[in-house]
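Participant: Quick check, what structure comes out for this input:
(2 chains)
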Amino acid sequence: MERMEKPGADLGGNDKLAGLFAEYRGTFPDTDSSPEFMPKLWQRIEARRRETTSIFRHLTQAFVAITAALLIILTTVLMPTSPDVDLYSSTYTEVVAADHADRDYVQALPADLPGEVR
Amino acid sequence: MLVEFSLIEKARGGDDGAFNQLVQAYRKRILGTIARLIGRPEDVEDVGQEVFLRLYYSLEQLRTPEVFEPWLYRLTVNAAYDYLRKQRRRHEHRMSDLSEQQVMMADAAAGGKVTTEENRRTKIRELVDSLLGKISEEDRILLMMKEVEGLSLKELEQVYKVNENALKVRLFRARQRVLKAFEAGEE
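Facilitator: As a prediction, the model looks like this:
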């Protein structure tokens, strides 16, 4: 752990260092930009804007394509099979009859009871 | 502040003319800071444009115009970090990669044109750069923002979004390390 010395313990060195930093700052000439600075800046701003718009457009296109594909899949897979058309065009008794057409019915006959006189 | 708050508000509201004025007002100061932070004059404009580009796209996130300057310094420091990181990755020291300034110095030295004043400036820069080379890049930039750019602790607190005490400790340690190297060099 580095020992924390009291700030200002060595004022001589600190002052010299502060002076050196001030001189250092003075060694840099004033920096001004070239005449192309602003036009180039706006070119970069526009380029970034176009890039962002393009990314957004691609994302939108992908989203629309995925939604359409999902819609088609859902329509074909999940939609219930179409009901018998006759169900809507026939009467109730016809539908019931058609539903029971394959069944064998036992005809009820009068029973012969012992001691009964015919 | 170099501009009125109303101008910042206008620029924040999407007024490109106001943004232009904002750039004109701060351009020189920001480019000067970048020049000192990155040390390659030929790349200063490029990094400066990156700062103002980031400003343009982040201006609407600015809470209040009062914190505009620390915000701009924060963008500047971050852009300088990004640039220096990229430079470190390249890390090639061919003649073609030397900064314009270094090439000029080399040419001038070859032609014997280096004046005494230029020589003195070069020596100061080399000395400070070597002293600052003793600390991490993050501490170097922090120390430069304080000692060379002259930002107050309050301003640095807003730039770095770190509390003042933590900054004081970091600054003190960095300064002590630089001071030790300086004194060792003097002996």
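
Participant: Mind listing residues that contact the helix or strand containing B:Arg36?
Facilitator: Element membership for B:Arg36 (DSSP states H and E) is helix B:16-38. Residues external to helix B:16-38 that are found in contact with it (Cβ atoms under 8 Å, 6 or more residues apart in numbering or on different chains): A:24-25, A:28, A:30-33, A:37-38, A:41, B:2-3, B:7-8, B:10-11, B:41, B:44-45, B:47-48, B:51-52, B:55-56, B:59, B:72-73, B:76-77, B:79-80, B:83-84, B:87, B:141, B:144, B:148-149. Yep, even glycine has a C-beta here, placed from its N, CA and C like the rest.

Participant: Quick check: residues of chain B near chain A?
Facilitator: B:20, B:23-24, B:27-28, B:31-32, B:34-36, B:41, B:44-45, B:48-50, B:52-53, B:56-57, B:121-122, B:124-125, B:127-128, B:147-148, B:172-173, B:175-176, B:178-179, B:182-183 (Cβ under 8 Å from any Cβ of the partner chain).

Participant: Now the buried members of the residues you listed.
Facilitator: B:23, B:27, B:31-32, B:34-36, B:41, B:44-45, B:48-50, B:52-53, B:56, B:121-122, B:124-125, B:127-128, B:147-148, B:175-176, B:178-179, B:182 (16 or more other Cβ atoms under 10 Å in any protein chain shown).

Participant: and whichever strand or helix holds A:Gly12, is it in reach of chain B?
Facilitator: A:Gly12 is located in helix A:11-26, with elements delineated by DSSP H and E. Yes: shown here: helix A:11-26 in contact with chain B (Cβ under 8 Å from any Cβ) through A:Gly13, A:Asn14, A:Lys16, A:Leu17, A:Ala18, A:Leu20, A:Phe21, A:Glu23, A:Tyr24, A:Arg25.

Participant: contacting residues for A:Tyr24?
Facilitator: B:Arg36, B:Ile124, B:Arg125, B:Val128, B:Val148.

Participant: which residue packs closest to B:Glu50, ignoring adjacent ones?
Facilitator: The shortest distance from B:Glu50 to any non-neighbouring residue, by Cβ to Cβ, 6 or more residues apart in numbering or on different chains, is to B:Ala79 (4.8 Å).

Participant: Distance of that neighbour relative to A:Met38?
Facilitator: 18 Å (Cβ to Cβ, to the nearest Å).

Participant: the more surrounded of the two?
Facilitator: For B:Ala79 versus A:Met38, neighbours defined as other Cβ atoms under 10 Å in any protein chain shown are more numerous around B:Ala79 (24 against 16).

Participant: For B:Leu37, grab the count of nearby residues.
Facilitator: Neighbours of B:Leu37 (other Cβ under 10 Å): 23.

Participant: Look up how far A:Leu109 lies from it.
Facilitator: 112 Å.

Participant: and B:Pro151, helix, strand or coil?
Facilitator: That one is not Pro; residue B:151 is Leu. Under the three-state scheme (DSSP: H, G, I helix; E, B strand; the rest coil), B:Leu151 adopts coil.

Participant: Contacts only, for it.
Facilitator: B:Tyr73, B:Met145, B:Val159.

Participant: Name the residues of stretch B:50-69 that come out as buried.
Facilitator: For stretch B:50-69, the neighbour count (16+ other Cβ under 10 Å) marks B:Glu50, B:Val51, B:Phe52, B:Leu53, B:Arg54, B:Leu55, B:Tyr56, B:Leu59, B:Leu62, B:Pro65, B:Phe68, B:Glu69 as buried.

Participant: what's the next secondary structure element after the helix holding B:Arg36?
Facilitator: helix B:41-58.

Participant: Quick one: list the elements packing against that next one.
Facilitator: Applying 3 or more Cβ pairs under 8 Å, 6 or more residues apart in numbering or on different chains; DSSP states H and E, one finds that helix B:41-58 contacts helix A:37-78, helix B:16-38, helix B:68-90, helix B:100-111.

Participant: Would you tell me which one of those helices is buried the most?
Facilitator: helix B:16-38 (a mean of 19; mean count of other Cβ atoms under 10 Å in any protein chain shown).

Participant: Show me where the chain dips below the pLDDT cut-off.
Facilitator: Picked chain A for this. Applying pLDDT under 70 to chain A flags residues A:1-11, A:80-88, A:104-108, A:111, A:113-118.

Participant: Chain B is the one I meant
Facilitator: B:91-114, B:187.
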